[in-house]
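1. When you get a sec, could you give me coordinates for this:
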Amino acid sequence: MFIKKGTPALVLAPMDGVTDSLMRDLLSKLMPVSYSVSEFIRVSAEVPPKRTFFVDVPELKNKATTPCGTPVQVQLLGGHPGRLAEAAARAVELGAQGIDLNFGCPAPTVNRHDGGATILKSPHRVEEIVGAVRSVVPREIPVSAKMRLGWDDPEAIYENAYRAERGGASWITIHGRTKTQGYTPPAYWNPIGKVRQNSDVPIVANGEIWSVDDLRRCREESGCEHFMVGRGALAEPGLLRRLAIELGLEVVPDHVDMCGGDARLWTPLIERLVELSVSSGEPERRTLARVKQWLSYGAKKGAVTWFGEVKRCENIASLLSQLKVVGDRSEAAATRRAA
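-> Purely as a prediction, here's the structure:
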């Protein structure tokens, strides 16, 4: 259902506040994703109640899949092995088909509260947490770990990955930067390859995959066959389709095939997201913020050159109207070039 040796996987990364259930619904319908990972569910002083799982991962009510059938793995974040194990057991009871443990989040607030990448400072804790969760989850339910190269030392990945595997991780996803490196380019894929060479479980490579060429370089340096993509998939929604073709995965006609920042191609995607948001009862202000956030990834890549024309819109109607203006301008320019 998730990761198998010999079968490449293309995974939509968890991005807190971005790839929530609405975005997972939209992207899984439009893109050839093998599976996606939920935003983390924080497990701190208490194990979250059932309603938290259903709010954060409503797909649990649908056999842990999106409406179109894409599997969703439940990610947990925390530092207490016992409570994480209890939370994992609860997630499985509610329908989770896979558990992922977050050892990679670099957010200072998360790290100050004993979660995410801070666990990488103590490799024995990685093993304890993975082992505790693995011990209470049925064997047929995979338990994976997502981590960075380390806190500030990239050499830490070798011990941490070994500890995760010894704890019983089904596979390990590695983001090719330390916590202190944040999201500053480049990502370092070579250490991921060294882990893969010495591991008996599958390794998923993550970090700075913005193009097919990036995927090829990552594959060459890491030797991996499984890849997780986050910001690149949002910056250019056609990217996952091209990556899937490169990996030999099935691509259906409905999958988005678009390049660059043409507003005429972005508009129907934005309209679909707005429809999903409205139908879920989401406040307009939140919908407006999520649309702008999505477009901002394309702007950072340099494709959505017109982001400045929509980011000041104060409501959805004005944003969609401005998108039409930008789209009409692009169409007129294309007509002139053709003439």
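2. Residue 302: how many residues sit nearby?
-> Around residue 302 there are 10 other residues, counting by other CB atoms under 10 Å. All C-beta spots, glycine's among them, are computed from the backbone N, C-alpha and C.
3. tell me the contacts of it?
-> By CB atoms under 8 Å, 6 or more residues apart in numbering, the contact list for residue 302 is empty.
4. now do 10 Å
-> Counting by CB atoms under 10 Å, 6 or more residues apart in numbering, residue 302 touches 235, 260, 261.
5. and what of residue 239?
-> Neighbour list for residue 239: 31, 209-212, 214-215, 229, 232-233, 256, 258-259, 301 [criterion: CB under 10 Å, 6+ apart].
6. could these be laid out in a markdown table, adding distance to residue 101 and neighbour count?
-> Formatted as a markdown table, the contacts of residue 239 follow (distance: CB to CB, whole Å; neighbours: other CB atoms under 10 Å):
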| residue | distance to residue 101 | neighbour count |
| --- | --- | --- |
| 31 | 25 | 24 |
| 209 | 22 | 29 |
| 210 | 26 | 16 |
| 211 | 30 | 15 |
| 212 | 30 | 14 |
| 214 | 26 | 20 |
| 215 | 25 | 22 |
| 229 | 20 | 24 |
| 232 | 24 | 20 |
| 233 | 22 | 26 |
| 256 | 31 | 18 |
| 258 | 34 | 18 |
| 259 | 36 | 12 |
| 301 | 30 | 18 |
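7. Could you pull up phi and psi at residue 269?
-> phi -70, psi -40 (degrees, to the nearest 10).
8. how far away is it from residue 22?
-> Separation of residue 269 from residue 22 (CB to CB, to the nearest Å): 13 Å.
9. and which of the contacts of residue 302 is nearest residue 282?
-> Closest approach between the contacts of residue 302 and residue 282, by CB to CB: residue 235, at 22.8 Å.
10. Quick one: residues contacting residue 271.
-> Counting by CB under 10 Å, 6+ apart, residue 271 touches 291, 316, 320, 323.
11. Name the nearest residue to the last one, sequence neighbours excluded.
-> Distances taken as CB to CB, 6 or more residues apart in numbering place residue 267 nearest to residue 323, at 5.0 Å, with adjacent residues excluded.
12. per-residue pLDDT, the one you found?
-> pLDDT recorded at residue 267 is 92.
13. do residue 332 as well
-> Here the pLDDT value assigned to residue 332 is 69.
14. One more: residue 337?
-> 69.
15. Tell me which stretches of the stretch 151-300 of the chain form strands.
-> Remark: strands assigned in the stretch 151-300 of the chain by DSSP state E, counting those that start in this stretch are 172-175, 203-206, 226-229.
16. and residue 72, helix, strand or coil?
-> When classified by DSSP: H, G, I helix; E, B strand; the rest coil, residue 72 comes out as strand.
17. Counting neighbours, what do you get for it?
-> The tally of other residues near residue 72 (other CB under 10 Å) stands at 28.
18. Repeat that for residue 74.
-> With other CB under 10 Å as criterion, residue 74 counts 27.
19. Please point out which parts of stretch 91-109 sit buried.
-> 91-92, 95-106 (16 or more other CB atoms under 10 Å).
20. Kindly check the end-to-end length of that stretch for me.
-> Using CA to CA, to the nearest Å, one end of stretch 91-109 lies 24 Å from the other.
21. again with stretch 149-157
-> Terminal residues of stretch 149-157 are spaced 5 Å apart (CA to CA).
22. and if you look at stretch 213-232?
-> Start-to-end span of stretch 213-232 (CA to CA) is 12 Å.
23. Name the residues of that stretch that come out as buried.
-> Result for stretch 213-232 [16+ other CB under 10 Å]: buried residues 214-215, 218-219, 221-232.
24. which of those sit farthest apart?
-> Farthest-apart pair in the buried residues of stretch 213-232 is 223 and 231; separation 23.4 Å (CB to CB).
25. circling back to that earlier point, my read: the residue nearest to residue 323 touches residue 327, true?
-> Yes: at 5.8 Å, residue 267 counts as touching residue 327 under the criterion of CB atoms under 10 Å.
26. before we move on, the earlier item: JSON lines for the buried residues of stretch 91-109, including distance to residue 182?
-> Converted to JSON lines, the buried residues of stretch 91-109 look like this (distance: CB to CB, whole Å):
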{"residue": "91", "distance to residue 182": "29"}
{"residue": "92", "distance to residue 182": "33"}
{"residue": "95", "distance to residue 182": "34"}
{"residue": "96", "distance to residue 182": "30"}
{"residue": "97", "distance to residue 182": "32"}
{"residue": "98", "distance to residue 182": "27"}
{"residue": "99", "distance to residue 182": "26"}
{"residue": "100", "distance to residue 182": "21"}
{"residue": "101", "distance to residue 182": "21"}
{"residue": "102", "distance to residue 182": "16"}
{"residue": "103", "distance to residue 182": "16"}
{"residue": "104", "distance to residue 182": "11"}
{"residue": "105", "distance to residue 182": "11"}
{"residue": "106", "distance to residue 182": "6"}
